[in-house]
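# let me see the structure of the following:
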Amino acid sequence: MEYSLKALLRMRQSQLDEVFRGSSAGKIPDGRFRGTFLVAPGTVLTSVTSELIRTMVWQGKVLDAQHGRVKNLVLPFGFESVSARVYKAGSWFDGKECIVFDCSTNLLRAVGVRDEIREITSAVYLGKVYIAGMRMPDFLLEREEPPGN
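Prediction:
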């Protein structure tokens, strides 16, 4: 079942967990993706905090599927930073296949950070974040249209 971005933003954490559990990894994405950090999912705080985080801290990710790399878009200007390896592996959440963004080789900035995503629609991925093995709030990645489309 495919979900709209708007519907995903309204879901509680238990619902997001079920969507993630019920989704396949899909193919490793390529290109630029707008990020939405899901703090307090299913509440009025979700949209307010996600906009604040996007404006000040994290705008999304740029993926290079061919080379198996991803970079975060950070700070208000969207600098490309915090590179990670990209590959498919079993999820820490449920053991099923997912796409992993592995920062374990990034010695200076994001040691112990692991993101896992699964394809929800052809343009939207739902992600789980782990820092030092502890689960953090989920995030969404939405494909940005290339210029001219």
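
# let me know how buried Arg135 is, in neighbour terms.
Neighbourhood size, Arg135 [other Cβ atoms under 10 Å]: 11. (Each C-beta comes from the backbone N, C-alpha and C, glycine too.)

# now it: closest residue in space, sequence neighbours ignored.
Lys128 (6.6 Å; Cβ to Cβ, 6 or more residues apart in numbering).

# quick check: buried residues in the helix or strand in which the one you found is found?
Lys128 is part of strand 124-131 when elements are defined by DSSP states H and E. Buried residues in strand 124-131, defined by neighbour count with 16 or more other Cβ atoms under 10 Å: Val124, Tyr125, Leu126, Gly127, Lys128, Val129.

# what's near enough to touch the residue nearest to Arg135?
Phe20, Ser91, Trp92, Phe93, Asp115, Glu116, Ile117, Arg135, Asp138 (Cβ atoms under 8 Å, 6 or more residues apart in numbering).

# and the helices in this protein, which stretches?
Along the chain, counting by DSSP state H, helices occupy 5-10, 13-21, 44-56.

# how far is the last one from where the chain is centred?
On the basis of Cα atoms, centre = their mean, to the nearest Å, helix 44-56 is displaced by 15 Å from the centre of the chain it belongs to.

# please save the CA atoms from that helix in CSV.
Extracted C-alpha coordinates of helix 44-56, given in CSV (Å, rounded to 0.1, in the frame of the first residue of the first chain):
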residue,chain,number,x,y,z
VAL,A,44,0.8,19.3,16.2
LEU,A,45,4.5,19.4,17.2
THR,A,46,5.5,17.3,14.2
SER,A,47,5.0,20.0,11.6
VAL,A,48,6.3,22.8,13.7
THR,A,49,9.5,21.0,14.8
SER,A,50,10.2,19.5,11.4
GLU,A,51,10.1,22.9,9.8
LEU,A,52,12.4,24.4,12.5
ILE,A,53,14.8,21.5,12.1
ARG,A,54,14.8,21.8,8.3
THR,A,55,15.4,25.5,8.4
MET,A,56,18.2,25.4,11.0
